[in-house]
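Predicted coordinates and the sequence they were generated for:
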Amino acid sequence: MRRSNAFFFGLALLSLVVGSCMPAVPGPGSTPAPRTLKIMTHDSFDASTSLIDAFEQLHNVRLNILKSGDSGAALNKAILSKDVPLADVFFGVDNAFLSRALGAGIFDAYDAPALGTIPSAFQLDPQHRALPVDYGDVCINYDKAYFASHILPLPKSLDDLTQPEYRGLLVVEDPATSSPGLAFLLATVAHFGDPGYLDFWKALRANGLAVVDGWETAYYTNFSAASGHGPQPMVVSYASSPPAEVVFADPPISEPPTGALIGQDMCFRQIEFVGILHGTPNRDLAEAFVDFMLSRSFQEDMPLKMFVFPVNPQAGLPQVFSRFAEIPAQPATLAPEEIASHRDSWIQAWHQAVLE
Amino acid sequence: MLEVREVWKSYEGAPLLRGLSFHLARGETACLLGPSGSGKSTLLRIIAGLEPAEAGQVLWEEQDLAPVAPHARGFGLMFQEYALFPHRNVLENVAFGLRMQNLPKAETDTRARQALARVGLADFSQRRVTDLSGGEQQRVALARALAPRPRLLMLDEPLGSLDRGLRDQLLADLRRILALDGTPALYVTHDQEEALAIADRLLLIHDGRLQRSGTPAQVYADPGDAWVAQFLNMGTLVPARVIHSSPLRAQSDLGILAPRCTHTHHAVGEYLTLLVRRAPVTLERAARRRDNLVRGIVQEVSFRGDSYRATLDCSTHRVAFELPHPVAPGTVLSIHLAPEAVLCLK
Amino acid sequence: MMSGAGRVPQASYGAGGSRRSLLLLVLPLAFLALFFFYPLLSILRLSLSATGESQPLALSSILAPLGFTLWQAALSTLLTFAVGMPSAYLFARFEFPGKRLLRALTTLPFVLPTVVVAVAFNALLGPRGWLNLGLMTLSGANTPPIQFINTLWAILAAHVFYNTAVVLRLVGNAWAHLDPRLGLAARVLGASPWRAWREVTLPLLRPAILAALVLVFLFDFSSFGVVLMLGGPRFATLEVAIYTQALHLLNLPLAALLSLIQIACTLSLTTLYARLAPQLSAPSAPRAAEEASQQPVAPRQRLAAVLLVGLLLVLLVAPLAALAARSVARMEPDRGQRTSVSAGLTLSYYRELFINRREALFYVPPIAAVRNSLGYAAATVIIALALGLPAASALARTSRFGRQVDALLMLPLGTSAVTLGLGFVVALDTPPLDLRASPLLVPLAHSLVALPFVVRTLQPALASIPERLRMAAATLGASPWHVWREVDLPIVARAVSVAAAFAFTISMGEFGATSLVARPEYPTVPIAIFRFLSQPGALNYGQALAMATLLMGLTLAGILVIERLRLPGVGEF
């Protein structure tokens, strides 16, 4: 028993010691100790180890990536800690919350050279405080096998979803608690206008709409083509989900079991931004990192890591994306300021129309 | 009134009670005597209905009690560890049985207080039971068992923790109460003096069976059994061989003994177990040979209030005896045993 | 006559006894002040003074979630007790093969992240779950007859699933230590079995029942994942509303207001509890638990035991088994493969856990996640016990302001993890308290939640030690510290191991607070599971289930080990 006591005590001591370790550990060999650059981001951030290592080597820096919850939580934390910032760079604010971030003044402007190559449609902040890094389209995914076996034509527009042949076949997420759910709501607002969108949603509700809390539940519990074998063959997900199904298939498959509906305004374009946090002592390194994120190598690495699309037009797509990802020609978009001023009331009205 | 008939019970596979049977008449107090682990407490619980017997019956006034639930039997049981309810005060504990009878509150209160007074704890009614000393708890448990005036009272070592004076007093009180109400009682104790003081009948239990049953006088006069004699610490057991049938004389390591035997004829050469009772003896200075003359070295001598008790070391046995005056340890002595002091046993 | 001797006072002996008890409270109170009140007040102050994009407050947006929260918590608690009390009786009074394992299994749900529980429930009771599939094939219907997910029943069932262990352990432990002779005495005095239970057993179990009641209610009151995922968007409790407002709508003032209401409700509940619970539960001679339990003998007893065990297996163990089964089965229908796929058993998901196939930066070797989880859990157990033992000791002795302290200690349980997490960010930003990025924050957060459980488990046990024993030790030359170590500790050894098991399980399964404060290089197993489920793909799903099964196995082992721990030199009392 003494041994077990000691064991537990030792573990605790170990974690205490580890916890109080200073983040800056001297690097191997090189005479100047590497500096630390802290990147604050959401939980979905991912990149290839080799790329990160290369960056660290090149700039003699140690990257400390702070995952801080989902995008809303991360942004909240950044805003709350803006006087004593938790990091040097923040990545992961999307166009739905861009105004909020800019209004809180957490970013310093940076006119990156790579901006010249990025299409202006992505550059939602003319002052370059927030720079676009990637985009993803929130689209309805459908179960190919289901539609084939029921000999059902695919819906070609949002209005089609209210037709009786699609009764009870769609599951959406609550925009109050889900980022894709919010994105889809914004798509309907963009397409039908305010308050027209409410009639659409009421019609959807009358047509057997299923509503759940978030993407995990919708995809893995409700969606029929995913491992949960749920009842709905249509789910609000991402345009990158079908390629992801191929990448993560077991056993390997040759084409995705799902597809995306990319009719006009059926998808909503989410753009993610990076920004240098105000008050950082490592401005130069932060700029280098932003450049890195906009560089071709990183942009080409992103799709298979974060399942998003690069904003840099020079970046090529991996084969599984170019074969299976369907990119909508006319995604729905809304101005960030408009989203900022009406988001809460739209969500509230949606709740009343759909849930009550 | 109470009849226990061929009760069998085992514990963890081994038999505990083997076909135990006895009778208890109205107003009779019987003492269950036996070594620890002999199943006395278990027997009480079986009679109370708290445990089922594996075979046999318990009858009350000829009625089989098997279908009667414990709370309907009207028996009282005082547990060895008192089992007082810690969340209730003294009065509430004592009144519990009365409350279960759904008597009017005033009557419950009065009778509970009476019961408390009877055990000398009249002022203790509001106290928490956990605040009491061992003796006080015991008396509360006794009062609690008595208060509902049970048809049969079972007491498991009820006076163990009490000092001498209190014990004697309570013993006398108990006898009076039991006699007054005519309540039959089963009393479990390991203290023989207590048993002798209160019992109308002794029930000696050994190896799951009733070894001997009788009034204290009967049992002491004729234990009948080596085990009974040993358990009751009646004296020394001496094996002997009959050398003369009538009058009965037997040869033993202590010399020639002439025992009192209530049984019939013993043939010469038969082997017997004799009991040399601890009893007053006379000293014999002369060395002449006689029956019932035992010679040895005096060991411990202790004062017992009205006589001296001593042990004689006779190389093969130790014989206890009583003398009116002390004798120095180490003295070589010959004592003459009275004829009633030597008994035959089976 | 010596009858006056030996009367034993109830209060702790020796001068300065109560002063010493106050000293014991210093550390726990300081911990609470630093890591709960300070962050809480910081975030509340900040949020309530924040201007900007806040909507006008509608009373209904407050009353509705409050009402529903109380309603579902009350219902859930009732159902939990309906399952938990008979189970507690079963475990307290009967011996049967596999008892220890079953008890550990019923504690497992506590550790599962809700994400995983949702998957498990869905596998059993979802629209395409086994139950519905079975019923559909039997009745030939086309639509699943049982609508379970996204109903109130899903929330209630999940709460029962999670919390039965609390009732089972707290009440079961107390019941096992109850002297069975008390019940027998009552029966001989004329009480029917029901009346004996009501008059004797129930009052003596009251402290444990009340403790379990308040813990379960608070847990259900602040329940988040269950309501969000299994209930769905139609059901909003205070916790969900806080989460939504704070993290998605970025409406901090409303979130703070809801937090305040939540805390106010919690505080009134805990104060009520502290007032109701007897300050010192009746000391009874503690006896070894095994004394009172036996094999069920009578056929009626046997039947009851079998039924209860069956109920527990179905309710609590079946979803876990479904999960584990799913992690080794490949059941993909034709999903676009060119070649046919055979369904069958596979360990590929487990194998995949150890491969960083795509060179991901944040690939977590399962060993690492396990190590992190165990490390955090061990730290939590130590912190929670180090704070909880003195707190429980102090609360068990003095009654002066023990009630208020008791109520305060339980507050973290009913406080939103979101609020606390944000509070950490705001408050702990200046050295030496700049712990915002420290891994130490995780066990601290876990300990805040585990502490009420530890105190509630230990306090009744400590209070039940007869003062007599301590006095005897003192006369034999033991200093107060030695008395505590030689008398108190061995007697409450069982309660300590129960408390340690709670703290361990809570830490292993904690997800909400952890996701807000954890450093990414030390992810815990629940966080790793959630990562898998945030991306599509059969491989991700399978790995999530494999990780969840690993988590269950790990926790089961941990619980069994903790239960076997003996304090130095003394066996279990």
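Okay, I see it.

Chain C contacts on the stretch 251-356 of chain A?
A:251, A:253-257, A:304-305, A:307, A:340-341, A:343-345, A:347-348, A:351, A:355 (CB under 8 Å from any CB of the partner chain). Any C-beta I mention is one placed from the backbone N, CA and C, and that applies to glycine too.

For the host helix or strand of C:V496, give the mean pLDDT please.
For C:V496, the host element (DSSP states H and E) is helix C:493-509. Mean pLDDT, helix C:493-509: 84.

Would you map out the domains in chain B?
Structural domains annotated on chain B: B:2-221, B:226-345, as defined by automatic domain parsing.

Whichever helix or strand comes after the helix holding C:V496 packs against which elements?
Later in the chain than helix C:493-509, the nearest helix or strand by DSSP H and E is helix C:512-517. With contacts taken as 3 or more CB pairs under 8 Å, 6 or more residues apart in numbering or on different chains; DSSP states H and E, helix C:512-517 sits against helix C:417-427, helix C:441-463, helix C:525-533.

what comes into contact with helix C:512-517?
A:43, A:68-69, A:73, C:224-225, C:417-418, C:420-422, C:424, C:436, C:441-442, C:445-446, C:449, C:524, C:526-527, C:530 (CB atoms under 8 Å, 6 or more residues apart in numbering or on different chains).

rerun that using 6 Å as the cut-off
For helix C:512-517, contacts defined as CB atoms under 6 Å, 6 or more residues apart in numbering or on different chains pick out A:69, C:224, C:417, C:421, C:424, C:441-442, C:445, C:524.

Farthest-apart pair in those residues, please.
Taking CB to CB as the measure, the contacts of helix C:512-517 span a maximum distance of 19.2 Å, between C:F224 and C:L441.

Can you find the residue of the stretch 201-350 of chain A that comes nearest to chain B?
Closest residue of the stretch 201-350 of chain A to chain B, CB to the nearest CB: A:D213 (46.8 Å).

and the stretch 151-300 of chain B, which residues reach chain C?
Proximity of the stretch 151-300 of chain B to chain C (CB under 6 Å from any CB of the partner chain) is limited to residues B:D163.

Can you list the low-confidence ranges for the stretch 151-300 of chain B?
Applying pLDDT under 70 to the stretch 151-300 of chain B flags residues B:161, B:263-264, B:285-289.

the strands in it, which residues?
With DSSP state E, counting those that start in this stretch applied, the stretch 151-300 of chain B shows strands at B:152-156, B:185-188, B:201-206, B:209-214, B:235-244, B:249-252, B:255-257, B:271-277, B:282-283, B:293-303, listed in chain order.

Would you map out the domains in chain A?
Using automatic domain parsing, the domain ranges for chain A come out as A:31-135+A:270-322, A:136-269+A:326-354.

Centre of the chain to the shortest one, how far?
What separates the centre of domain A:31-135+A:270-322 from the centre of its chain is 12 Å, taken as CA atoms, centre = their mean, to the nearest Å.

tell me the mean pLDDT over that domain?
Mean per-residue pLDDT for domain A:31-135+A:270-322: 90.

what about the helices in chain B?
Here chain B has its helices, by DSSP state H, at B:40-48, B:90-100, B:105-118, B:134-146, B:164-181, B:192-198, B:216-221, B:226-231.

and the longest helix along chain C, what other elements does it pack with?
For chain C, the helix with the greatest residue count under DSSP H is helix C:60-93. Applying 3 or more CB pairs under 6 Å, 6 or more residues apart in numbering or on different chains; DSSP states H and E, one finds that helix C:60-93 contacts helix C:152-176, helix C:202-221, helix C:238-243, helix C:299-312.

switch to 7 Å and redo it
The contact analysis (3 or more CB pairs under 7 Å, 6 or more residues apart in numbering or on different chains; DSSP states H and E) places helix C:60-93 against helix C:152-176, helix C:202-221, helix C:238-243, helix C:252-276, helix C:299-312.

how about stretch C:90-99: buried residues?
Within stretch C:90-99, the residues that count as buried by 16 or more other CB atoms under 10 Å in any protein chain shown are C:90-94.

same deal with stretch B:315-334?
Within stretch B:315-334, the residues that count as buried by 16+ other CB under 10 Å are B:317, B:319-321, B:323, B:333-334.

circling back to that earlier point, so which of the helices of chain B is nearest C:G190?
helix B:90-100 (3.4 Å).

do you know how far the closest residue to chain A within chain B is from A:V171?
In chain B, the residue found nearest to chain A is B:E12; the distance is 30.1 Å by CB to the nearest CB. Per CB to CB, to the nearest Å, B:E12 is found 61 Å from A:V171.

So which of the two has more stuff around it?
A count of neighbours by other CB atoms under 10 Å in any protein chain shown puts A:V171 above the other of B:E12 and A:V171, at 25 against 5.

which residues does the more buried one form a beta bridge with?
Beta-bridge partners recorded for A:V171 (DSSP bridges): A:A210, A:V235.

what's near enough to touch it?
Contact analysis of A:V171 by CB atoms under 7 Å, 6 or more residues apart in numbering or on different chains lists A:210, A:212, A:218, A:222-223, A:232, A:235.

Check what pLDDT it gets.
In this model, A:V171 is scored at 94, pLDDT.

mind checking how far it is from A:P180?
From A:V171 over to A:P180 the distance is 11 Å, taken as CB to CB.

now do C:A450
According to CB to CB, C:A450 and A:P180 sit 35 Å apart.

do B:A328 as well
Here the criterion is CB to CB. By it, B:A328 lies 108 Å from A:P180.

list the helices and strands the helix holding C:V496 packs on?
helix C:152-176, helix C:366-397, helix C:441-463, helix C:538-564.

Next, the buried residues of the last one.
Read it as helix C:538-564. Across helix C:538-564, burial judged by 16+ other CB under 10 Å covers C:538-552, C:554-556, C:558-559, C:562-563.

and chain A, which of these reach it?
When CB under 7 Å from any CB of the partner chain is applied, the members of those adjacent to chain A are C:538-542.

got TSV for these, with pLDDT too?
Shown next, in TSV, are these (pLDDT from 0 to 100):
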residue	pLDDT
C:A538	81
C:L539	83
C:N540	84
C:Y541	84
C:G542	84
